[in-house]
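Asker: how would this look folded up:
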Amino acid sequence: MSNTISVEDQKVLVAHTAIDKLVSEGLIHSGMKIGLGTGSTAMPAVKRLAEYIAKGKLKNIAAVPTSFQTSIACEEFNIPIFSLSSGRINGSLDLTIDGADEIDSKKNLIKGGGAALLREKIIAYNSELFVVIGDETKSVKTLGVNFPLPIEIVPEARLSIMKKLESYGVSMIIRDGIRKKGPVITDNGNFIMDIKWPANAKINPTKLESELNAIPGIIENGFFTQKPPRVFLSRSNGTVEEF
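Answerer: Numbers count the residues shown, from 1 in each chain. Here you go, the predicted structure:
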């Protein structure tokens, strides 16, 4: 009989473990300003946080969601939401918790599978503590080889950006919508371009994070290297590793 748990169960396990531990350590407490991430791993964390609020164990929490998906979830779970520029938040957060699409051994990330990378980066990089949760499939040796790097771009610049990226030796595609004709449109009204390096590529995520953003028309890319997170990673055997 197998003792392994599914990826979906791993996502719930790591979300609950992280929230519970952060609460027990006092790193999540009443009165905090918290950024809440987007995606299938972040949603169980949002729900777990809501359970603490509903029980009265956390009070006066101010949440800043990273997407419309997260905003709707916060409304459903009665978590008060604010914008980053609101008077209550004043441009900075105590903590942000989010998922990732890939995590390497140096805690560099790729994010943006849910097309929310711009807001995710703004919120994460303006947080005192950044916490990332994921299942074991997100742990990789080299970023950008198996999972493509998302880039948020100005629609008008798509062809000029693709020409600039040819020298990087990457494959690239404008992401299409699901059950929608044409490209994905982000919460900010832009396109998402997904780029992928060949398997033998030598990638420097820290250098590329800045370099790619210098290309006119690229608004932000999905490399997260400037704010090393505290990482919780679940395993199929039902354990959670922290690093």
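
Asker: Which parts of the chain are helices?
Answerer: Counting by DSSP state H, the chain has helices at residues 7-24, 42-54, 68-76, 117-125, 158-165, 205-213.

Asker: which regions of this protein sit below the pLDDT cut-off?
Answerer: Filtered on pLDDT under 70, the chain yields the residue ranges 1-2.

Asker: 50 instead?
Answerer: Counting by pLDDT under 50, the chain contains low-confidence ranges at 1.

Asker: can you give me the strands in it?
Answerer: 33-36, 62-65, 93-98, 102-103, 109-110, 127-135, 149-153, 171-174, 191-196, 218-221, 223-224, 230-234, 240-242 (DSSP state E).

Asker: for the helices of the chain, which one ends up most surrounded?
Answerer: helix 117-125 (a mean of 23; mean count of other C-beta atoms under 10 Å). For the C-beta atoms, the positions are set from N, CA and C on the backbone; glycine is no exception.

Asker: same for that helix, what does it pack against?
Answerer: strand 93-98, strand 149-153, strand 218-221 (3 or more C-beta pairs under 8 Å, 6 or more residues apart in numbering; DSSP states H and E).

Asker: Lys111 against Thr96, yeah?
Answerer: No: in this structure, Lys111 is not within contact of Thr96 by C-beta atoms under 8 Å, at 11.6 Å.

Asker: I'd like the strands of the chain as CSV, with mean neighbour count and distance to Lys163 appended.
Answerer: Below are the strands of the chain laid out as CSV (neighbours: other C-beta atoms under 10 Å; distance: least, C-beta to C-beta, whole Å):
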stretch, mean neighbour count, distance to Lys163
strand 33-36, 25, 35
strand 62-65, 23, 35
strand 93-98, 24, 32
strand 102-103, 25, 26
strand 109-110, 28, 23
strand 127-135, 23, 34
strand 149-153, 26, 13
strand 171-174, 14, 10
strand 191-196, 22, 12
strand 218-221, 21, 13
strand 223-224, 28, 21
strand 230-234, 23, 36
strand 240-242, 13, 42
